[in-house]
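[1] Here's my sequence, what's the structure:
(2 chains)
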Amino acid sequence: MRVHIDTTRCTGHGMCEAAAEDVFEVGPDGITHLLIDPDPSQRREVEAAVAECPTRALSVEP
Amino acid sequence: MTQHVTRSASGNPDRPYDELDISSRAFWSTSADVREKTFALLRERGTVTWHPPFQDQLLEDPEDYGFWAVTRYDDLVEVTKRHEDFLSGPGILMENLPAEFVEAGQSIIGMDPPRHTKLRRLVASAFTPKQMRRINDRIQANAAMVVDNLIEALERDGGQTDFVAECAELLPMHNINDIMGVPDGERQKAAHQMKVGTSWNDPELVGETREEVFTSLLGAMGYMHQLASGLAAERRENPTDDLITALALAEVDGEVLTDHEIGAFFVLLTIAGNDTTRQSTSHGLRGLTDFPEQRAWLLGDLEARLPDAVEELVRWATPIMTFRRTASRDCELAGQQITEGDKVVMFYSSANRDEARIERPHELDLSRHPNPHISFGGGGIHHCLGNQLARFQLKALFTELLTRLPDLEAGEPELTPGNFFNVVKRMPAWRAQNAT
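    The predicted structure is shown next:
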């Protein structure tokens, strides 16, 4: 599972952090970063983060 | 359409108005329950509806013919997400106010990408869920302090006191100013100035005549900008880890922010930080008073039930009732043809009562789960920066209140008329054990 962050769109709302805190973290630069390459068992949280992103900055490849 | 230029013209004289009134001062001087009767009828129209401009505005524009009203949940979410069609730069208030005043206080909430994207990032990391966990001890300590204050005020005032002044407005003030770095003493003055700056419909705070109102509003903005400039200059000399430092040292596209930009950001954070959670707290206590069975359910397992309860109290309060957008081009919305330059006003209080998405919307149900309320926004780029802070504060405060004063009751709230903030200006509170 590959997660892509569009750093031109992200404004660090942190909704992804709330949905999948082990995977995403907003840095001091105000942009979210991947903490790990998520495991397939985390797919549900990651997909929730993708769906909730207010700037549509996240996408996930199967 | 040019970005970031405040604009009040909207629509054309030929478009017929919907017969239902949501534009009069009388309408916005009633209660949310009364207004909801009209919103329910508008939602039944099944689309967005065209209405005359807000009545007797501070700033009349002969080319302002009105606004589209977005009253349904799904339409509100759609407008929120179509930020390229529906801009924030021309203004986010339903009412027309002087551009000088508006531009002194809106900052990123009145911006569109790409500028919005870059400026919002400057403050984002101070409001994330993980950051809230890092400062949660401080939030909880502040909650304990303001409940200490409330208990003292109840004793001092013979068992009944003003809940807003002695509790509800204090917690958000301390927390947002701890984050920004405004010292104790200054933060109280800043909070008062911003109460003036957001009360353009309240003669008690801004005066009666148009001239008095303009003077009050611009005076409040001047005070805040001066305070921000002074604090920013200090932080450039002695940087700390607070938000004022972040803004003072920030570079965007290779340039530092101007004092006016820092001032406007400071005003926005002060208003948004002070004036939302205080309304949720006040409406929340009133809700717990009106529905004692809901309070009893919550007290049955406070810690486990509070997270859902907080979501429902935020829905119940809907602290911000409207946001405006402006069409950037001709486009369609809910089957209606929207013209470039048309104002589009979203009614959050209506969407939060939309039966299509919220079951039994007229019931306060603290166990509601999931709770898809849109009090923090419809999920677009302007989604509430402080939504996690609001949640942490409300959890901390209601934990303190309901543990130490489980029988605290609220009297009739005194509401400030207006169409933006759902303001509880004053509200008496007492302990039921003291009531006779």
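[2] near chain A, which residues of the stretch 1-150 of chain B show up?
    Within the stretch 1-150 of chain B, the positions adjacent to chain A are B:116-117, B:120-125, B:127-131 by Cβ under 8 Å from any Cβ of the partner chain. Using the backbone N, CA and C atoms, a C-beta is placed for each residue, glycine as well.
[3] Give me the buried subset of those residues.
    Neighbour counting by 16 or more other Cβ atoms under 10 Å in any protein chain shown classes B:116-117, B:120-125, B:127-129, B:131 among the residues of the stretch 1-150 of chain B next to chain A as buried.
[4] Tabulate those (TSV), appending pLDDT.
    Listed next are these as TSV, based on pLDDT from 0 to 100:
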residue	pLDDT
B:H116	97
B:T117	97
B:R120	97
B:R121	97
B:L122	97
B:V123	97
B:A124	97
B:S125	96
B:F127	97
B:T128	97
B:P129	96
B:Q131	97
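[5] what's the most distant pair in the residues you listed?
    Between any two of these, the greatest separation by Cβ to Cβ is 21.6 Å, found for B:H116 and B:P129.
[6] if we can go back for a sec, can you list which of the buried ones among the residues of the stretch 1-150 of chain B next to chain A are found in helices?
    Residues of those located in helices (DSSP state H): B:116-117, B:120-124, B:129, B:131.
[7] all strands of chain A, in order?
    Ranges of strands in chain A, per DSSP state E, are A:2-5, A:24-26, A:32-34, A:58-61.
[8] cool, the stretch 51-200 of chain B as well?
    B:67-70, B:86-87, B:160-162 (DSSP state E, counting those that start in this stretch).
[9] Quick one: these as CSV, columns for distance to B:A309, mean pLDDT and mean neighbour count too.
    As requested, the strands of the stretch 51-200 of chain B are exported to CSV (distance: least, Cβ to Cβ, whole Å; pLDDT from 0 to 100; neighbours: other Cβ atoms under 10 Å in any protein chain shown):
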stretch, distance to B:A309, mean pLDDT, mean neighbour count
strand B:67-70, 28, 98, 28
strand B:86-87, 33, 98, 26
strand B:160-162, 24, 98, 19
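[10] mind putting those in CSV, distance to A:R2 included?
    As requested, the strands of the stretch 51-200 of chain B are exported to CSV (distance: least, Cβ to Cβ, whole Å):
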stretch, distance to A:R2
strand B:67-70, 37
strand B:86-87, 33
strand B:160-162, 56
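[11] Grab the longest helix from the chain for me.
    Since you didn't name a chain, this refers to chain A. helix A:43-52.
[12] nope, chain B please
    helix B:210-237.
[13] tell me what that one is packed against?
    Under the contact definition 3 or more Cβ pairs under 8 Å, 6 or more residues apart in numbering or on different chains; DSSP states H and E, helix B:210-237 sits against helix B:99-103, helix B:186-197, helix B:203-206, helix B:243-249, helix B:259-274.
[14] so where does B:K425 fall, helix or strand?
    strand B:424-426 (DSSP states H and E).
[15] In the sheet, which strands lie alongside the next helix or strand after that strand, parallel or antiparallel?
    Later in the chain than strand B:424-426, the nearest helix or strand by DSSP H and E is strand B:428-431. Next to strand B:428-431 in the sheet, as set by DSSP bridges, lie strand B:160-162 (antiparallel), strand B:408-410 (antiparallel).
[16] Make JSON lines out of the ones you listed and add distance to B:D259.
    Formatted as JSON lines, the strands paired with strand B:428-431 follow (distance: least, Cβ to Cβ, whole Å):
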{"stretch": "strand B:160-162", "distance to B:D259": "36"}
{"stretch": "strand B:408-410", "distance to B:D259": "42"}
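[17] between these, which gets nearest to B:F265?
    Nearest to B:F265, of the strands paired with strand B:428-431 and by Cβ to Cβ, is strand B:160-162 at 31.0 Å.
[18] Tell me how many other residues crowd B:D290.
    If you count neighbours by other Cβ atoms under 10 Å in any protein chain shown, B:D290 ends up with 13.
[19] Off-centre distance for stretch A:13-32?
    6 Å (Cα atoms, centre = their mean, to the nearest Å).
[20] which helices and strands does the longest helix of chain A pack with?
    Counting contacts by 3+ Cβ pairs under 8 Å, 6+ apart, helix A:43-52 is packed against helix A:15-19, strand A:58-61.
[21] Quick check: the closest residue to B:E212 other than its chain neighbours vs B:A165, distance?
    Closest residue to B:E212 apart from its sequence neighbours, by Cβ to Cβ, 6 or more residues apart in numbering or on different chains: B:V206 at 6.6 Å. Here B:V206 is placed at a distance of 19 Å from B:A165 (Cβ to Cβ, to the nearest Å).
[22] And B:I176, by the same measure?
    For B:I176, the distance to B:A165 (Cβ to Cβ) stands at 17 Å.
[23] since we're on B:R72, how many residues are nearby?
    Neighbour count for B:R72, taken as other Cβ under 10 Å: 24.
[24] Skipping adjacent residues, who's closest to it in space?
    B:R43 is the one closest to B:R72 (Cβ to Cβ, 6+ apart), at 5.2 Å.
[25] ditto for B:Q294
    B:L366 (5.0 Å).
[26] Repeat that for A:D6.
    Distance criterion Cβ to Cβ, 6+ apart; nearest residue to A:D6, sequence neighbours excluded, is A:A57 at 4.5 Å.
[27] and A:G14, how many residues sit next to it?
    There are 25 residues near A:G14, going by other Cβ under 10 Å.
[28] shouldn't the residue nearest to B:Q294 be in contact with B:A309?
    Yes - B:L366 is within contact range of B:A309, at 4.0 Å (criterion: Cβ atoms under 8 Å).
[29] quick one: low-confidence ranges for the chain?
    Using chain A. Applying pLDDT under 70 to chain A flags no residue at all.
[30] ah, I was thinking of chain B
    B:1-4, B:434-436.
[31] that older thread, if you count what's nearby, which of B:V206 and B:A165 comes out ahead?
    Using other Cβ under 10 Å as the criterion, B:V206 and B:A165 rank with B:V206 on top: 23 against 15.
[32] Quick check: the gap between the more buried one and chain A.
    Separation of B:V206 from chain A (Cβ to the nearest Cβ, to the nearest Å): 34 Å.
[33] Equivalent analysis for B:A32, please.
    Applying Cβ to the nearest Cβ to B:A32 and chain A gives a distance of 26 Å.
[34] Tell me how far that residue lies from B:P413.
    11 Å.
[35] Contact partners for B:V314?
    Counting by Cβ atoms under 8 Å, 6 or more residues apart in numbering or on different chains, B:V314 touches B:280, B:373, B:375-376, B:390-391, B:394.
[36] So which bits of stretch B:10-26 are buried?
    Using 16+ other Cβ under 10 Å as the test for burial, stretch B:10-26 gives B:10-11, B:18, B:20, B:22-23.
[37] and the end-to-end length of it?
    End-to-end distance of stretch B:10-26 (Cα to Cα, to the nearest Å): 23 Å.
[38] and chain A, which of its residues are near chain B?
    So far as Cβ under 8 Å from any Cβ goes, chain A lies against chain B at A:8-15, A:17-18, A:21, A:25-31, A:52, A:54-55.
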